[in-house]
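K.L.:
fold the following and give me the result.
(chains A and B)
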There are 2 protein chains.
Amino acid sequence: MYNTKIKKEIYKDIDDHFSRYIEEARELVRQPSIAAQNIGIHECAEMVVEHIQRLGSTDVRLVEYPTGSPVVYGTVKSKNPRAKTLIIYCLYDVQPPEPLEEWKVEPFAAEIVDLPEFGPSIVGRGITNSKGPLVGTFKAIESMQRILGDVPLNFVFVIEGEEEAGSVNLKQFVHEYAGELSTADGVYLPGTREDENFKPKVLLGNKGMVYFELEVKGGAWGGPQSIDIHSMNGAWIENPIWRLAWALNTMRSPDGKILVEGFYDDVAPISETDNRLIERLMKTFDAGMFKKALDVSRFKNDLEGEDLLKQFLYSPTMNIPGIYGGYTGEGTKTIIPYRVRVKFDCRLVPNMQPDDIMQKIMTHLKKHGFDDISIVFSEGTLWSKTDAENDLAKAAIRAMESSGKEPNEVWPLLPGTGPAYLFTNDPLQMPFIAYGLGHGAKIHAPNEYLVVEGLRDNIKSVAATFLEYLEIQHENNQL
Amino acid sequence: MYNTKIKKEIYKDIDDHFSRYIEEARELVRQPSIAAQNIGIHECAEMVVEHIQRLGSTDVRLVEYPTGSPVVYGTVKSKNPRAKTLIIYCLYDVQPPEPLEEWKVEPFAAEIVDLPEFGPSIVGRGITNSKGPLVGTFKAIESMQRILGDVPLNFVFVIEGEEEAGSVNLKQFVHEYAGELSTADGVYLPGTREDENFKPKVLLGNKGMVYFELEVKGGAWGGPQSIDIHSMNGAWIENPIWRLAWALNTMRSPDGKILVEGFYDDVAPISETDNRLIERLMKTFDAGMFKKALDVSRFKNDLEGEDLLKQFLYSPTMNIPGIYGGYTGEGTKTIIPYRVRVKFDCRLVPNMQPDDIMQKIMTHLKKHGFDDISIVFSEGTLWSKTDAENDLAKAAIRAMESSGKEPNEVWPLLPGTGPAYLFTNDPLQMPFIAYGLGHGAKIHAPNEYLVVEGLRDNIKSVAATFLEYLEIQHENNQL
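P.N.:
Numbering: from 1, shown residues only, chains lettered A, B, ... in the order given. A predicted model of the protein is given here:
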């Protein structure tokens, strides 16, 4: 039904209206929406509401919370009673633009700059993360509506306004609207997923995380309890920083193994499907490129090839993002500090649970005689995982494969962390895929950009994904 | 010869002139002299020169250096050709007064405040450390001169102006003037050595120190080499903070032992004389008072009594005054930092040598596979030790014992570090004693104070020390 001809017509419509589509993306960037600084959030949310209204929504609205940003929530429904329902989950907030002096153009002017490597590109805060691809998805639907009349898909828009500030209200929203949301068949996250070599990716999952701090203070074990003391007392009084070093050594050994009892217990074996995806990914996986980009000379345990890739994707971590205690300024100061703190982020893979891991870390410290060490818990986030055999995943993969972009990749799991788990885990338990053509970069950094032609590819790739999804429903005799 | 009558006359002279002596001490405080901020150094040095001129010196002068503070250097000589020579070593600079808002009076007004616990006291930056006792020594000599005429002692004044900023020029000065200085028989450091319970001390030595930082950066072993990277890479890239934790664990074990090979090799056994002093000290040593003042609930290895005191005085340390790396701000940031630094101060006891210890630490790191860790050396200071049987030490101890202040203490070694080694070690190798009555405190802190009656006691105790020293020369038939 959705043959090449229809796809071509939709692509042509996108081309015909592309200059306006560009302007709509730039216009959204020009409205700052910095959740962390509470700048322009409502103004931007209203613009997103209007976008969705222009697609025919009559129920789109702001779901407000006592603090933080509202969620833009609304539907665009098909007349076809058998139409499947997709949640479009995205964000309308952006990272703060600071440091301002490093921007080559005004961060909220959305200027088009001819970048030496990439050609004409929109440069501005939020253009790639994620206002460009958000508008791209709206515009893909607009072009599809113009060509198809009724698009036989129901769209549920969930566009949050504080993804860059912890997605607090989104958690609440998903909880409150679980009944309505649960009627959907999957979640699509707009994004431009081509790297600097224009290699696109479909992303099917990500790791979870627990973030916490350990604090060692003087106490019954020794050490100064309330004040930094002169270090001449080191001869008879122990130092919290040493105690921390000894505690850390019970937690991870120099070979990289995490020594917390039971830490690896719930690590799921790699599934058959994932093994096939890994095999496929190995054809294009370029460890050298990562090494160069990250400026490292060596991977852990000198792993290579598939072992290295599996380590990257399927191993949990116990990372230390920061440590601080005592005198940290220039020069010399001779004290025994009364406390020291260390931050941890542990990335969790399926089927590890944040609460369980925190419990195991607490038990570990106690068992090793460190029950005086206090744990300050910051956040726990579940991993997310979508089966590659799911219809929506298949649609995205097909769209990518038929795009002509070679090579291309399917990542069964990304080692990062995000809010996808809110949809993929209880109670919604639905597939969540992230895909979209186009290249943009420097997100969270000065001079964030999106290649103009990448935006065109992006809009087409969204349409292609939805068309493939419809095609799969036909194959399944569900539409 | 120096019988009780003469001492009484001198004490009376001190009493008679005490109100002027107080004013002279306050006047010196009113001239700020902050080496770290280069404030008032020369003005204060000139005032010290005048003090020494008023004692009859014709050669006192400023010994200048290209940077930093001048040393005030000059002599007051006796007509007696057999007179022994004492170096009066002290400082005229002070710590910065900050934080200013915590002072109850102007830090450089030298106001007299009636302190609830101690009565009328001079409050001001530098009054106790060390302008009060410095003026006290000048005034003791003035009163002795008035009563005795010629005091049969030669005084060599070495008053430095950057003790609070590392005594850099003093090192140079002692090196350059070693020939002249070497004719002296001992060094006296003015100070008010009564604690808050009015228990006085004679101090006969102190520990040395090496101060350095270790820096772990990504390198051939792994880790990011030049930028902080996203912590999702923790699955395949090691973290410098973990590497540091593992390195630290090779350096000291949880039982407190320093594991650096040969670290303890040069620790001298406790001498017979020192053992006698320890025995004496044990009579007044109050571990509970230290525990309370430092707010600790436990000493290392639960040591008690003489073992504890010996640990405090005679054991070297490897203390960590500060550690910092990665993200140390509020909240969560998920990075693998490319570097981490840790500060060390190691207190050294006789006969450990700073250079040798640094070498051993380097060798240790290399041996354990950490030769990538760089060592940033800050300073090395030798320990200092004066035999209690020395004439000057005996004079101070006798002066203290005859002062009527009970209990009183002789400390063979203090666990802190100071510039005394410049006089006690090569090339001068002379005795160095620190003694003087009076109580003052809050040095290096807001509201530094010196009890007014303590200044009176201080001046008398300096005179008493010199008289006892002369007495001992008589006993030795040397005068």
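K.L.:
got phi/psi on A:S33?
P.N.:
In terms of degrees, to the nearest 10, the main-chain angles of A:S33 are phi -150, psi 80.
K.L.:
from A:Q95, how far out is it?
P.N.:
10 Å (CB to CB, to the nearest Å). Yep, even glycine has a C-beta here, placed from its N, CA and C like the rest.
K.L.:
equivalent analysis for A:K257, please.
P.N.:
In terms of CB to CB, A:K257 sits 35 Å off from A:Q95.
K.L.:
who's more crowded, those two?
P.N.:
Shown here are A:K257 and A:Q95; by other CB atoms under 10 Å in any protein chain shown, A:Q95 has more neighbours (18 against 11).
K.L.:
so who does that one touch?
P.N.:
A:I34, A:A36, A:R125, A:G126, A:N129, A:E164, A:I443, A:H444 (CB atoms under 8 Å, 6 or more residues apart in numbering or on different chains).
K.L.:
surely the first one meets A:G40?
P.N.:
Yes: using CB atoms under 8 Å, A:I34 is in contact with A:G40, at 6.8 Å.
K.L.:
ok, which stretches of the stretch 351-479 of chain A are helices?
P.N.:
Secondary structure of the stretch 351-479 of chain A by DSSP state H, counting those that start in this stretch: the helices cover A:354-367, A:391-401, A:421-424, A:452-475.
K.L.:
relative to A:G119, which of these is closest?
P.N.:
helix A:452-475 (6.9 Å; CB to CB).
K.L.:
helices and strands around the closest one, which ones?
P.N.:
Judged by 3 or more CB pairs under 8 Å, 6 or more residues apart in numbering or on different chains; DSSP states H and E, helix A:452-475 is in contact with helix A:4-30, strand A:84-91, strand A:119-123, helix A:132-148, strand A:153-160, helix A:391-401.
K.L.:
give the buried residues for the last one.
P.N.:
By that I understand helix A:391-401. For helix A:391-401, burial by neighbour count (16 or more other CB atoms under 10 Å in any protein chain shown) applies to A:D391, A:L392, A:A393, A:K394, A:A395, A:A396, A:I397, A:R398, A:A399, A:M400.
K.L.:
the longest one now?
P.N.:
Residues A:6-7, A:10-11, A:13-14, A:17-18, A:21-22, A:24-26, A:28-30 are the ones in helix A:4-30 that count as buried (16+ other CB under 10 Å).
K.L.:
average pLDDT across that helix?
P.N.:
For helix A:4-30, mean pLDDT rounds to 97.
K.L.:
over to the second one?
P.N.:
Taken as a whole, strand A:84-91 has a mean pLDDT of 98.
K.L.:
tell me which other helices or strands the helix or strand following it touches.
P.N.:
Once the chain leaves strand A:84-91, the next helix or strand it forms, by DSSP states H and E, is strand A:111-115. Where contact means 3+ CB pairs under 8 Å, 6+ apart, strand A:111-115 is packed against strand A:119-123, strand A:449-451.
K.L.:
and for strand A:111-115, what are the contacting residues?
P.N.:
Residues contacting strand A:111-115 (CB under 8 Å, 6+ apart): A:R26, A:K104, A:V105, A:P120, A:S121, A:I122, A:V123, A:G124, A:Y449, A:V451, A:V452.
K.L.:
just the CA trace of that strand, in CSV.
P.N.:
Provided in CSV are the C-alpha atoms of strand A:111-115 (Å, rounded to 0.1, in the frame of the first residue of the first chain):
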residue,chain,number,x,y,z
GLU,A,111,22.0,31.7,12.5
ILE,A,112,22.9,29.6,9.4
VAL,A,113,26.7,29.3,9.3
ASP,A,114,28.7,27.6,6.5
LEU,A,115,30.7,25.1,8.5
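K.L.:
now that strand: buried residues?
P.N.:
Neighbour count says strand A:111-115 has A:I112, A:V113 buried, by 16+ other CB under 10 Å.
K.L.:
that older thread, now the contacts of strand A:111-115 in a markdown table, with distance to A:G234?
P.N.:
A markdown table is the format used below for these (distance: CB to CB, whole Å):
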| residue | distance to A:G234 |
| --- | --- |
| A:R26 | 61 |
| A:K104 | 51 |
| A:V105 | 54 |
| A:P120 | 63 |
| A:S121 | 57 |
| A:I122 | 58 |
| A:V123 | 54 |
| A:G124 | 54 |
| A:Y449 | 53 |
| A:V451 | 58 |
| A:V452 | 62 |
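K.L.:
just among those residues, which is most surrounded?
P.N.:
Going by other CB under 10 Å, A:G124 tops the contacts of strand A:111-115 with 31 neighbours.
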